[in-house]
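> based on what follows, work out the 3D shape:
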Amino acid sequence: MFYMKNVPMLERIMRVVAGMAIAMLSIAYWTRPVGIVVAIAALGIVVSGLVGFCPACALVGRRLKKAQTRASQAQAKG
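Numbers count the residues shown, from 1 in each chain. Alright, predicted model coming up:
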């Protein structure tokens, strides 16, 4: 893994749900440039939720505690 997860599980779930909702709303404005920009931003929110890494959070030095990362790795394995 080339990156260290810096988004906790609850926030990851909220990012995916919010990103999908924003993407659905941007469909209404798809013909305008703002709709395309909002859709791309929503895609970024969903991807950061699915991957568990947020570049903006990494820039400010946000990291998960070791106990949280171990617990999420254990959930991913089984």
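
> distance of the residue located most distally from the centre of the chain relative to Val51?
Each residue of the chain has a distance to the centre, and by C-alpha atoms, centre = their mean the biggest one is for Thr31: 25.5 Å. Distance of Thr31 to Val51, given as C-beta to C-beta, to the nearest Å: 30 Å. Placement of C-beta: from N, CA and C, glycine included.

> next: Val60.
18 Å.

> okay, those two: which has more neighbours?
The neighbour count for Val60 versus Val51, taken as other C-beta atoms under 10 Å, is higher for Val51 (13 against 8).

> lowest-scoring secondary structure element of the protein by mean pLDDT?
Within the chain, confidence by mean pLDDT, DSSP states H and E is lowest for helix 66-77 among all helices and strands, at a mean of 61.

> Ala23 against Ala42, yeah?
Yes - assessed by C-beta atoms under 8 Å, Ala23 is found in contact with Ala42 at 4.0 Å.
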